[in-house]
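1. Here is my input; please provide its structure:
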Amino acid sequence: MPAVRGDGMRGLAVFISDIRNCKSKEAEIKRINKELANIRSKFKGDKTLDGYQKKKYVCKLLFIFLLGHDIDFGHMEAVNLLSSNKYSEKQIGYLFISVLVNTNSDLIKLIIQSIKNDLQSRNPIHVNLALQCIANIGSKEMAEAFGTEIPKLLVSGDTMDVVKQSAALCLLRLFRKSPEIIPGGEWTSRIIHLLNDPHMGVVTAATSLIDALVKKNPDEYKGCVTLAVARLSRIVTASYTDLQDYTYYFVPAPWLSVKLLRLLQNYTPPSEEPGVRGRLSECLETIFNKAQEPPKSKKVQHSNAKNAVLFEAISLIIHNDSEPNLLVRACNQLGQFLSNRETNLRYLALESMCHLATSEFSHEAVKKHQEVVILSMKMEKDVSVRQQAVDLLYAMCDKTNAEEIVQEMLAYLETADYSIREEMVLKVAILAEKYATDFTWYVDVILNLIRIAGDYVSEEVWYRVIQIVINREEVQAYAAKTVFEALQAPTCHENMVKVGGYILGEFGNLIAGDTRSSPQVQFELLHSKYHLCSAATRALLLSTYIKLVNLFPEIKNRVQEVFRADSNLRSADVELQQRASEYLQLSIVASSDVLATVLEEMPAFPERESSILAVLKKKKPGRIPDDVRESKSPQPSATPAPIMNNSNNTSSVSTDLLGLTTPPGTTSNTTGNGLLDVLGDLYTAPKVSPTTVQQNNIKKFLFKNNGVLFENDLIQIGVKSEFRQNLGRIGLFYGNKTQFPIHNVHPELIWTDLHKLNVQMKPMEPVLEAGAQIQQMLTAECIEDFADAPNMSVSFVYNNAPQKISMKLPLTLNKFFEPTEMNGESFFARWKNLGGEQQRAQKIFKAQGSIDITATRTKLAGFGMQLLDGIDPNPDNFVCAGIVHTRLQQVGCLMRLEPNKQAQMFRLTVRSSKETVSQEVCDLLADQF
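-> Reported below is the predicted structural model:
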């Protein structure tokens with residue numbers, strides 16, 4: 001709290017000293033309670049308190065609050081301080097209000113009026129105090145109250161510069177809370193032209209505001225590009241003596257330069273205006289030239305400021321990706337930083353070079369620094385820098401240097417930090433596959449990975465090597481020989497056993513001619529690892545054994561002994577027990593021809609995007625170069641070999657060894673986005689334009705609670721919901737299907753009947769990283785019956801372009817049904833009682849296709865009512881019963897659906913104790929069959 005000269009508060013200083021001298025918590029509480037009692041008596045009893053005394057006591061209350069104690073009085077006195085003409089008293093009043101006053105307080109109207117008075121004051125200090133208070137509170141109420149006054153203050157020609165600065169920052173704070181506060185039309189141009197203001201402080205504050213506005217409405221504020229380039233040009237060409245008030249250690253206006261460069265990154269290069277583009281290129285060249293000049297100061301602040309501008313300029317060059325000369329020059333400049341003694345500089349250089357490596361113009365220039373980057377990976381003391389070096393090696397890899405980079409990464413993997421091993425394993429596996437000219441090299445690399453870092457080799461990695469071996473006949477014998485040799489090591493990782501079991505089970509016959517790898521030797525080698533493995537791996541090995549029986553009949557007796565062993569036939573693991581039993585009977589009963597058919601070699605897998613890439617995208621969203629993303633790979637077969645499908649135990653990875661994430665029948669036309677859809681509807685959702693309002697998709701959620709609510713090329717929104725009586729909980733899953741982050745994600749509920757259906761949305765993160773998925777929870781309470789379903793709009797920014805989608809939430813009246821069992825007598829008695837005109841609703845409609853009784857039954861079973869069998873005399877008719885739960889009442893409801901197959905028509909009758917419920921249920925079900 002800033003002290004004001006000549007206005008020290010001795011009583012406050014004594015109180016603070018007493019608190020600091022307390023020896024225990026109890027003593028502190030006792031002293032605070034004594035002081036609170038004193039302050040309360042002064043406020044209540046002494047009507048002659050002057051401004052100084054009020055300020056002193058309010059300060060004490062503020063100090064007590066900051067110590068963690070609740071304050072329930074003194075607010076009115078703080079509000080009274082706002083009307084004071086003394087700066088120190090007004091300042092304390094605003095400080096107290098900013099910290100302690102809730103926006104729902106009864107005093108808020110008084111506070112707003114006092115703030116309005118100060119905003120109209122001719123004293124700039126009072127205006128600034130008011131603006132700071134508005135920004136500190138930053139509520140929607142403040143935005144509504146001052147949404148018109150602050151923009152006027154900002155662009156008015158009469159406003160002092162210091163007030164304009166505060167107005168710009170205050171408006172930015174309110175805009176983040178209520179984006180609609182910023183007026184459009186002529187205001188846009190006036191706000192943009194603040195970049196031409198002669199006062200650098202105003203320009204700095206305005207640039208922050210304009211940057212936020214541009215992210216929401218880039219087209220509306222496109223005119224800022226020309227002015228930003230012009231202002232940047234004046235700064236970078238100025239001498240540090242020209243801008244003395246805004247020069248920081250010989251660097252002219254570094255903060256403003258960084259803000260302007262970031263602002264320009266919201267747009268593509270200004271191709272329509274060659275003059276602006278040329279001027280921007282000159283600015284960037286000048287920044288590079290200044291970076292090469294000898295430092296004007298040895299202090300770290302000078303180099304930090306200069307490098308901050310330089311790195312932001314490089315970010316703009318990477319963003320534009322259109323000037324080959326600048327890209328190469330940026331790469332060379334960053335290459336110099338790789339040998340700098342400053343750790344932060346080395347890290348930032350590696351990070352920026354990762355982006356440069358993805359550009360066709362600068363990829364070759366980045367590769368020239370390969371040796372230095374490899375040294376950074378091996379020798380750096382800071383693990384974050386080593387990880388960044390791994391990322392850069394991954395990004396710069398191509399066909400010419402793939403083998404060298406992969407070998408270096410493999411060599412480093414043995415001593416790498418545990419925190420980066422898993423990511424390194426994924427990257428090595430991806431690079432080895434993408435750039436393999438000889439797949440024997442790929443097999444060697446993956447087996448080495450398993451040997452060196454087996455604990456960090458995910459299932460996707462060993463799935464992949466099996467897929468590739470199965471798809472490429474020329475490498476099958478080599479893979480069998482290599483994995484057989486690897487299994488002979490005294491210590492062998494379980495993942496190696498999995499790969500060995502699968503490959504030898506399929507292709508062990510290709511190496512059986514050598515006495516050193518005879519069928520008996522292969523079997524005994526695999527079985528020697530059996531007792532050391534987990535249940536899932538043992539299940540896989542049992543499948544391998546039965547495959548070996550098919551390949552080598554001479555070892556049948558030995559394999560049958562293993563199947564008969566108590567540890568298998570009487571295993572506590574039901575999966576092992578079932579496999580051992582069934583495989584034993586198969587080997588005894590089946591003829592050689594039947595065995596050959598059942599246990600035939602796995603078919604080739606269709607091509608699809610690498611499943612390892614999907615894992616890496618989730619771990620490091622947005623950090624995978626585009627060229628690597630295009631990698632294709634074998635996909636699991638939609639109809640795997642029968643021997644792999646004989647179990648219902650989904651916990652065992654060997655039940656369907658390679659059935660990763662693709663449902664049957666979906667082997668082509670995949671989106672390739674790597675999102676793991678938890679809702680099971682990813683492959684059937686319709687493609688919708690980002691600006692399309694999704695109208696009819698809600699109907700499918702009448703009969704189910706989980707699924708994909710919306711999907712287009714950018715985003716997927718899934719839903720999972722559960723309901724109990726009149727309460728519901730809905731989880732929305734937002735999945736980014738793109739390679740870039742999605743910003744400013746803002747879901748908004750559009751629903752006027754909150755008094756009937758109360759829906760609450762919990763806040764969510766505004767940034768959705770590339771390939772990531774985030775969850776938002778909603779709660780719903782049915783207060784009384786309602787019609788239709790709430791609407792929701794989701795706005796976001798992708799690639800600097802605003803997007804908005806609208807959809808209906810799957811919250812319809814039937815979600816609050818409780819199924820009710822009834823016998824025939826009760827049903828028809830109730831049916832007759834509800835025969836009044838106001839209690840029933842009926843519709844006759846044409847069937848959408850040929851009437852399918854089974855499909856109709858399935859739909860009704862998912863609607864929420866109890867489907868009653870054997871009630872209606874006509875067996876083709878459907879009758880249902882249920883109770884709609886609301887907070888105010890429970891409404892019994894009966895339904896009868898009568899199909900007419902000859903006329904291809906339905907008659908739907910709904911009866912309930914409330915007319916609106918009957919009508920809504922009837923409307924929901926009509927035209928759904």
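
2. What lies in contact with stretch 276-290?
-> 225-226, 229-230, 232-233, 236-237, 264, 269-271, 306, 309-310, 313, 316-317, 323, 326, 329-330, 333 (CB atoms under 8 Å, 6 or more residues apart in numbering). C-beta coordinates here come from the backbone N, C-alpha and C atoms, glycine included.

3. Could you list the residues in contact with the helix or strand Ser114 falls within?
-> Here Ser114, judged by DSSP states H and E, is contained in helix 108-119. Under the criterion CB under 8 Å, 6+ apart, residues 79, 82-83, 90, 97, 101, 105, 126-127, 129-131, 133-134, 141-142, 145-146, 149-150, 153 lie in contact with helix 108-119.

4. average pLDDT across it?
-> Helix 108-119 shows an average pLDDT of 88 in the prediction.

5. And for stretch 82-102?
-> 87.

6. Buried residues in it, which are they?
-> 82, 84, 88-97, 100-101 (16 or more other CB atoms under 10 Å).

7. Show me the two of those that sit farthest apart.
-> Ser88 and Val101 (19.4 Å; CB to CB).

8. how about low-confidence regions in the stretch 601-750 of the chain?
-> The stretch 601-750 of the chain contains residues with pLDDT under 70 at 607-611, 613-614, 617-698.

9. what about 90?
-> 601-727, 729, 733-744, 746, 748-750 (pLDDT under 90).

10. Now the closest residue to Phe337 other than its chain neighbours: phi and psi?
-> Excluding the flanking residues, the one nearest Phe337 by CB to CB, 6 or more residues apart in numbering is Ala349, at 3.7 Å. In this entry, Ala349 is assigned phi and psi values of phi -60, psi -50 (degrees, to the nearest 10).

11. list the contacts for Ala349?
-> 334-335, 337-338, 340.

12. Who wins on neighbours among those residues?
-> Leu334 (25 neighbours; other CB atoms under 10 Å).

13. So it sits against Ile314, correct?
-> Yes: using CB atoms under 8 Å, Leu334 is in contact with Ile314, at 7.0 Å.

14. who touches both of the two?
-> If you check Leu334 and Ile314 against CB under 8 Å, 6+ apart, the residues they both contact are Ser352.

15. thinking again about what came up before, now do the residue nearest to Phe337 against Thr544, distance only.
-> To Thr544, Ala349 is 50 Å away according to CB to CB, to the nearest Å.

16. thought Phe563 was touching Tyr583?
-> Yes: the pair Phe563 / Tyr583 is scored as a contact, 5.7 Å apart, by CB under 8 Å.

17. can you list residues touching both of those two?
-> Contacts common to Phe563 and Tyr583, judged by CB under 8 Å, 6+ apart, are 542, 545.

18. Give me the packing partners of the helix or strand Asp593 falls within, helices and strands only.
-> Assessed by DSSP H and E, Asp593 sits inside helix 592-598. Counting contacts by 3 or more CB pairs under 8 Å, 6 or more residues apart in numbering; DSSP states H and E, helix 592-598 is packed against helix 535-551, helix 574-589.

19. To Gly835, which of these lies closest?
-> Gly835 sits nearest to helix 574-589 of all these, at 55.3 Å, using CB to CB.

20. Give me the secondary structure label for Arg729.
-> Following DSSP: H, G, I helix; E, B strand; the rest coil, Arg729 is assigned to strand.

21. for Pro269, that is, sorry about that
-> Assigned by three-state DSSP, the conformation of Pro269 is coil.

22. what's the answer for the one 3 residues further on, then?
-> Three-state assignment for Glu272 (three-state DSSP): coil.

23. And it, how far from Leu227?
-> For Glu272, the distance to Leu227 - CB to CB - is 15 Å.

24. Mind checking which of these two has more residues around it?
-> Neighbour totals were compared for Glu272 and Leu227, and Leu227 leads with 19 against 8 (other CB under 10 Å).

25. buried residues in the helix or strand that one falls within?
-> Under DSSP H and E, the secondary-structure element containing Leu227 is helix 224-236. Buried residues in helix 224-236, counting neighbours by 16+ other CB under 10 Å, are found at 224-233, 235-236.

26. Packing partners of that helix?
-> helix 200-216, helix 254-264, helix 274-292.

27. ok, 6 Å please
-> helix 254-264, helix 274-292 (3 or more CB pairs under 6 Å, 6 or more residues apart in numbering; DSSP states H and E).

28. Please render the ones you listed as CSV that adds distance to Gly870 to the earlier fields.
-> Shown next, in CSV, are the helices and strands packed on helix 224-236 (distance: least, CB to CB, whole Å):
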stretch, distance to Gly870
helix 254-264, 71
helix 274-292, 79
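
29. Buried deepest among those helices, which one?
-> helix 254-264 (a mean of 23; mean count of other CB atoms under 10 Å).

30. Report the distance from that one to the chain centre.
-> When C-alpha coordinates are averaged (CA atoms, centre = their mean, to the nearest Å), helix 254-264 and its chain have centres 28 Å apart.

31. same thing with stretch 317-331?
-> Per CA atoms, centre = their mean, the centroid offset for stretch 317-331 relative to its chain is 30 Å.

32. can you map out the helices along the stretch 751-900 of the chain?
-> Per DSSP state H, counting those that start in this stretch, the stretch 751-900 of the chain carries helices over the ranges 824-833, 853-861.

33. Which residues outside the first one are in contact with it?
-> Helix 824-833 is contacted from outside by 871, 894, using CB atoms under 6 Å, 6 or more residues apart in numbering.

34. Send me the helix holding Asp593 as PDB with only the CA atoms.
-> This file holds the C-alpha atoms of helix 592-598, laid out as PDB (Å, rounded to 0.1, in the frame of the first residue of the first chain):
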ATOM      1  CA  SER A 592      -4.900 -81.200 -39.900                       C
ATOM      2  CA  ASP A 593      -7.000 -79.600 -42.600                       C
ATOM      3  CA  VAL A 594      -9.300 -78.000 -40.100                       C
ATOM      4  CA  LEU A 595      -6.400 -76.800 -38.000                       C
ATOM      5  CA  ALA A 596      -4.800 -75.300 -41.100                       C
ATOM      6  CA  THR A 597      -8.000 -73.400 -41.900                       C
ATOM      7  CA  VAL A 598      -8.700 -72.200 -38.400                       C
END
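
35. And it, how far out from the chain middle?
-> 49 Å.

36. Please point out which parts of that helix sit buried.
-> Result for helix 592-598 [16+ other CB under 10 Å]: buried residues Leu595.

37. Rounded mean pLDDT for it, please.
-> 84.

38. Please apply the same query to stretch 455-467.
-> For stretch 455-467, the per-residue pLDDT averages 85.

39. Can you list the buried residues in it?
-> 456-467.

40. Please narrow these to those residing in strands.
-> In strands, judged by DSSP state E, none of these are found.

41. could those go into TSV alongside distance to Lys699?
-> Conversion of the buried residues of stretch 455-467 to TSV gives the following (distance: CB to CB, whole Å):
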residue	distance to Lys699
Tyr456	46
Val457	45
Ser458	40
Glu459	38
Glu460	37
Val461	42
Trp462	43
Tyr463	38
Arg464	40
Val465	45
Ile466	43
Gln467	39
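
42. Could you check the pLDDT of Lys762?
-> In this model, Lys762 carries a pLDDT of 87.

43. Surely it and Met777 touch.
-> Yes: in this structure, Lys762 is within contact of Met777 by CB atoms under 6 Å, at 4.8 Å.
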